[in-house]
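J.: Whatever this is, show me its structure:
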Amino acid sequence: MTGVDTNLDPQVDTRTTKLAIVGAGSVGATMAYAALMRGAARTIALYDLNASKVEAEALDLRHGIQFAPMAQVIGSDDVAVCEGADVVVVTAGAKQKPGQTRLELAETTVALVRRMMPGLVEAAPDAVFIMVTNPVDIVTYAALRVSGLPPERVFGSGTVLDSSRLRYLVAQHCGVAVQNVHAYIAGEHGDTEFPLWSSATIGGVPLLEWPGIDGGGGPLTREVRDRITHEVVRSAYRIIEGKGATNYAVGLATTRIIEAVLKDEHRVLPVSRLLDGYHGQSDVCLSVPTVVGRDGAQTQLEVPMSADELADLRASGEALRKVARDLGL
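T.: Model prediction:
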């Protein structure tokens with residue numbers, strides 16, 4: 001009897017996958033829950049210095065495994081819990097306060113990254129590291145410098161969530177399913193981020209040429225686009241003011257990135273990765289559409305940009321490089 005070689009089927013992956021999440025706060029715990037419910041990894045490890053908190057979160061998740069795809073959930077205040085991880089997601093950091101910008105968080109969080117990264121790399125030397133902690137672009141740049149790992153293996157969640165917010169608002173205005181909107185937010189995950197309107201489409205129709213449909217909100221005029229942009233940029237502040245933190249959507253967005261890595265999907269996502277000559281921008285981590293797979297954030301797609309979009313990209317780069325310089329990075 002001839003055995004079946006599952007390696008011939010690209011849809012079959014027999015490897016055991018391990019996801020380590022650093023930080024068991026609202027974002028980390030929600031991310032673990034989202035990853036568990038979606039069956040993203042066979043082992044989910046939570047690491048947090050608060051032993052009672054991380055052990056309780058892991059226990060709570062384990063009690064729900066009957067209702068989710070089978071997985072092992074572990075939690076500890078010992079970094080060894082991350083050993084052998086394929087993906088390490090870093091959510092630990094200072095909590096953003098109402099009215100506080102992401103960049104104002106930089107100094108405290110960068111100091112934390114400098115302390116954490118060596119131990120995490122030692123525990124999981126072959127992992128892909130996804131930074132979620134804000135300000136994510138600066139944190140990613142710092143983690144890259146401290147770790148010495150190649151840029152494709154240390155990248156940030158970037159504007160994946162912001163792009164989801166953009167698509168939702170466009171879909172609401174136009175009266176179409178959000179899955180049919182293809183548009184990206186680029187640049188900083190923060191106040192200087194900007195939409196790539198010139199390359200956006202709805203069902204193959206260029207967004208700037210959208211005529212409107214029955215039951216929709218009409219064409220996307222400059223006024224409408226400006227309103228949507230403002231709402232995307234201010235969304236996190238609005239949520240933080242109301243409930244203290246964002247956690248559900250970022251948990252789902254990051255789980256989508258994790259799946260792209262572990263399943264080697266080669267999915268195009270606007271993650272924050274070191275730029276090297278991208279539309280003239282170098283030595284800065286910014287979000288642009290990037291192919292994400294098992295080796296991490298790979299090819300950055302050089303999307304055609306309008307003159308205004310190129311100017312916005314430069315402005316994002318300059319703002320973040322200044323912060324990096326001020327922090328001695």
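J.: who are the neighbours in contact with L61?
T.: With contacts defined as CB atoms under 8 Å, 6 or more residues apart in numbering, the neighbours of L61 are A32, Y33, L36, I44, V73. (C-beta placed from N, C-alpha, C; glycine too.)
J.: Could you find the closest non-adjacent residue to it?
T.: Using CB to CB, 6 or more residues apart in numbering and skipping the chain neighbours, the partner closest in space to L61 is V73 (4.6 Å).
J.: Give me the buried stretch members for the helix or strand containing the one you found, please.
T.: Assigned by DSSP states H and E, V73 belongs to strand 72-76. Counting neighbours by 16 or more other CB atoms under 10 Å, one finds that the buried residues in strand 72-76 are V73, I74, G75, S76.
J.: Show me what that strand is packed against.
T.: Counting contacts by 3 or more CB pairs under 8 Å, 6 or more residues apart in numbering; DSSP states H and E, strand 72-76 packs against strand 43-47, helix 51-62.
J.: Need those in JSON lines (columns: distance to A123).
T.: Converted to JSON lines, the helices and strands packed on strand 72-76 look like this (distance: least, CB to CB, whole Å):
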{"stretch": "strand 43-47", "distance to A123": "9"}
{"stretch": "helix 51-62", "distance to A123": "15"}
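J.: ok so, going back, mind giving me a markdown table with the contacts of L61 and columns for distance to H279 and pLDDT?
T.: Output for these, formatted as a markdown table (distance: CB to CB, whole Å; pLDDT from 0 to 100):
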| residue | distance to H279 | pLDDT |
| --- | --- | --- |
| A32 | 36 | 98 |
| Y33 | 38 | 97 |
| L36 | 39 | 97 |
| I44 | 37 | 98 |
| V73 | 42 | 97 |
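J.: Phi and psi next, for V176.
T.: Main-chain dihedrals, V176, degrees, to the nearest 10: phi -130, psi 170.
J.: beta partners for V288?
T.: When bridges are assigned using DSSP bridges, the partners listed for V288 are V271.
J.: residues touching it, list them.
T.: Under the criterion of CB under 8 Å, 6+ apart, the contact list for V288 reads Y184, A186, P270, R273, L275, Y278, Q300, L301, V303.
J.: Pull up the gap between it and D191, please.
T.: Using CB to CB, to the nearest Å, one gets 18 Å for the distance from V288 to D191.
J.: hang on, the earlier thing: which one, of the helices and strands packed on strand 72-76, ends up nearest to S26?
T.: Shortest distance between S26 and the helices and strands packed on strand 72-76, using CB to CB, is found for helix 51-62: 10.4 Å.
J.: Counting neighbours, which bits of stretch 290-303 end up buried?
T.: For stretch 290-303, the neighbour count (16+ other CB under 10 Å) marks T290, V291, V292, G293, R294, G296, A297, Q300, V303 as buried.
J.: Kindly report the same for stretch 203-216.
T.: Neighbour-count burial for stretch 203-216 flags L207, L208, W210, G216 (criterion: 16+ other CB under 10 Å).
J.: JSON lines please, covering these and showing pLDDT, secondary structure and distance to T91.
T.: Converted to JSON lines, those look like this (pLDDT from 0 to 100; DSSP: H, G, I helix; E, B strand; the rest coil; distance: CB to CB, whole Å):
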{"residue": "L207", "pLDDT": "96", "secondary structure": "helix", "distance to T91": "33"}
{"residue": "L208", "pLDDT": "96", "secondary structure": "helix", "distance to T91": "36"}
{"residue": "W210", "pLDDT": "95", "secondary structure": "coil", "distance to T91": "37"}
{"residue": "G216", "pLDDT": "87", "secondary structure": "coil", "distance to T91": "37"}
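J.: Pick out whichever of the residues you listed sits closest to L149.
T.: The shortest separation between L149 and any of the buried residues of stretch 203-216 is 36.7 Å, and it belongs to L207 (by CB to CB).
J.: What count of nearby residues applies to K243?
T.: Residues near K243, counting by other CB atoms under 10 Å, number 11.
J.: swap in L144?
T.: By other CB under 10 Å, the residues close to L144 number 24.
J.: That one and S272 touch, don't they?
T.: No - assessed by CB atoms under 8 Å, L144 is found out of contact with S272, at 10.4 Å.
J.: any common contacting residues for those two?
T.: C285.
J.: Next, give phi and psi for the most centrally placed residue in the chain.
T.: Within the chain, one residue has its C-alpha closest to the average C-alpha position: by CA atoms, centre = their mean, that is S157, at 1.8 Å. Dihedral angles of S157 (phi, psi; degrees, to the nearest 10) stand at phi -60, psi -20.
J.: Report pLDDT for it.
T.: What the model reports for S157 is a pLDDT of 97.
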